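Enquirer: quick check, what structure comes out for this input:
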Amino acid sequence: MQPYIYVPKDKIEGELEPNGHRAGYDSGDPKTAILKFDTEVKTGVWECQPGGWNITPREDTELCYIVSGRVRVTDNGSGNVYEVSAGDVVVQPKGWTGRWEVLETVRKVYCHGFD
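Expert: This is a model prediction of the structure:
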């Protein structure tokens, strides 16, 4: 059985560990930072500076809550473009393709690897 995890607001909004550039970026200078939670599935806090990249088919479903910042997400399947910002929730299903353009440094709480 996995332990109960509690992460206070101060840790969610606090300093994160630098994590290099976002892999596969093709615009901007999207340096990332992360705080991983000790769980069986991949969970934590992720931050990224402005930049853009394409998402190839996702290997798993990701759920994320946007804590701060602003992102433009393009869904390749529908062609829809979403302006995502603080307070929004995004679910990117397994196999999803699209594009992320970070317009203002974004911070999200994420969970994936559960399917």
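
Enquirer: now do the strands in this structure.
Expert: 17-21, 27-28, 31-36, 42-48, 51-55, 62-75, 81-85, 89-92, 98-112 (DSSP state E).

Enquirer: give the buried residues for the third one.
Expert: Of the residues in strand 31-36, 31-33, 35 count as buried by neighbour count, 16 or more other CB atoms under 10 Å. For every residue, glycine as well, the C-beta is placed using N, CA and C.

Enquirer: kindly reformat those as JSON lines containing pLDDT and distance to G77.
Expert: Listed next are those as JSON lines, based on pLDDT from 0 to 100; distance: CB to CB, whole Å:
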{"residue": "K31", "pLDDT": "98", "distance to G77": "29"}
{"residue": "T32", "pLDDT": "98", "distance to G77": "26"}
{"residue": "A33", "pLDDT": "98", "distance to G77": "30"}
{"residue": "L35", "pLDDT": "98", "distance to G77": "31"}
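
Enquirer: which single one of those is nearest to I55?
Expert: Using CB to CB, T32 is the member of the buried residues of strand 31-36 that lies nearest I55, at 14.8 Å.

Enquirer: what's the per-residue pLDDT of the closest residue to that closest one other than its chain neighbours here?
Expert: Counting by CB to CB, 6 or more residues apart in numbering, N19 is the residue found nearest to T32 once chain neighbours are left out, at 4.4 Å. On pLDDT, N19 comes in at 97.

Enquirer: who's in contact with H21?
Expert: Shown in contact with H21 (CB atoms under 8 Å, 6 or more residues apart in numbering): 29-32.

Enquirer: chain center to stretch 37-45: distance?
Expert: Mean-position distance between stretch 37-45 and its chain equals 13 Å (CA atoms, centre = their mean, to the nearest Å).

Enquirer: when you give positions from now on, start the count at 894
Expert: Yep, numbering from 894; the last one is stretch 930-938 now.

Enquirer: residues in contact with that stretch?
Expert: So stretch 930-938 is contacted by 895-896, 898, 900, 904-905, 909, 927-929, 960, 1000-1007 (CB under 8 Å, 6+ apart).

Enquirer: before we move on, the earlier item: turn the contacts of H914 into JSON lines, columns for distance to T967.
Expert: What follows is those, written out as JSON lines (distance: CB to CB, whole Å):
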{"residue": "D922", "distance to T967": "20"}
{"residue": "P923", "distance to T967": "16"}
{"residue": "K924", "distance to T967": "22"}
{"residue": "T925", "distance to T967": "20"}
